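A.B. asks: Predicted model and sequence below, questions to follow.
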Amino acid sequence: MKKLLPHEAVSRLQIAAAIGVMNFRSAFVNVNTLINTRSLQDANLKVTRTLPAAGAANTSAALDLDIVGAGRVPGVELVIDLPATPSLVDAKTIILTVEDSADNSSFATVAAIPSITVTGAGGVGAAAVQTQLKLPIALRRYVRLAAATLAAGGDNTAITASLYFVF
């Protein structure tokens, strides 16, 4: 087999041949799956926080991104995970936002990351939400999750929201 130089284009067929896959269609699916999936987690790059009581707000501990590096890093994405909130009262909301800081003391909402709002409905609360996003270029070193529950929003303090990175 010819050895390709870094600047030469590589087709999916060449990749299939290089990895010894006899079925080209199988190689096409496997290569794309590997390229587009980010699911590895580092336990040191995850914070969790129980939701605040109704009419209150709280924040998680901060993650130090010094390991990951500042700005947009290829192959690293941010995940915000909120399980179902069955006790959330109809028409009341829980809002999750991501905050960042350069010094781990002065935090501000990251405008490039949309907040997540869940609203209670139908007497059954709100469904689980998970969002996976690319890191914004201007993201500062320390990142944390902020949560706020509207007054009379019900008791959701047993629910834990998570913020973590996948590679």
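C.D. replies: Arrived safely.
A.B. asks: quick one: low-confidence ranges for the protein?
C.D. replies: Low-confidence segments of the chain (pLDDT under 70): 1-39, 67-74.
A.B. asks: quick one: the helices in it?
C.D. replies: With helices called from DSSP state H, the chain shows them at 12-18, 24-36.
A.B. asks: In stretch 115-125, which of the residues would be classed as buried?
C.D. replies: For stretch 115-125, the neighbour count (16 or more other Cβ atoms under 10 Å) marks 116, 118, 119, 120, 125 as buried. For every residue, glycine as well, the C-beta is placed using N, CA and C.
A.B. asks: Can you list phi and psi of residue 158 for me?
C.D. replies: When read as degrees, to the nearest 10, the backbone of residue 158 gives phi -90, psi -10.
A.B. asks: Double-check it against residue 50; I have them as touching.
C.D. replies: Yes - between residue 158 and residue 50 there is a contact under Cβ atoms under 8 Å: 7.1 Å.
A.B. asks: Which one's more surrounded, these two?
C.D. replies: Higher neighbour count among residue 158 and residue 50: residue 50, with 14 against 11, using other Cβ atoms under 10 Å.
A.B. asks: for the more buried one, which residues make a bridge with it?
C.D. replies: With DSSP bridges applied, residue 50 shows beta-bridge pairing to residue 160.
A.B. asks: And it, how close does it get to residue 43?
C.D. replies: 19 Å (Cβ to Cβ, to the nearest Å).
A.B. asks: Turn the buried residues of stretch 115-125 into JSON lines, including distance to residue 57.
C.D. replies: Below are the buried residues of stretch 115-125 laid out as JSON lines (distance: Cβ to Cβ, whole Å):
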{"residue": "116", "distance to residue 57": "14"}
{"residue": "118", "distance to residue 57": "15"}
{"residue": "119", "distance to residue 57": "17"}
{"residue": "120", "distance to residue 57": "17"}
{"residue": "125", "distance to residue 57": "19"}
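A.B. asks: which residues are in contact with both of residue 158 and residue 50?
C.D. replies: The contact sets of residue 158 and residue 50 do not overlap (Cβ atoms under 8 Å, 6 or more residues apart in numbering).
A.B. asks: Residue 102 and residue 141, how far apart?
C.D. replies: 6 Å.
A.B. asks: didn't residue 134 look like it was pressed against residue 77?
C.D. replies: Yes - counting by Cβ under 8 Å, residue 77 is a contact partner of residue 134 at 5.8 Å.
A.B. asks: my guess is residue 135 contacts residue 79, does it?
C.D. replies: No - the criterion here is Cβ under 8 Å, and residue 135 misses it with residue 79 at 11.2 Å.
A.B. asks: more neighbours, those two?
C.D. replies: residue 135 (22 against 17).
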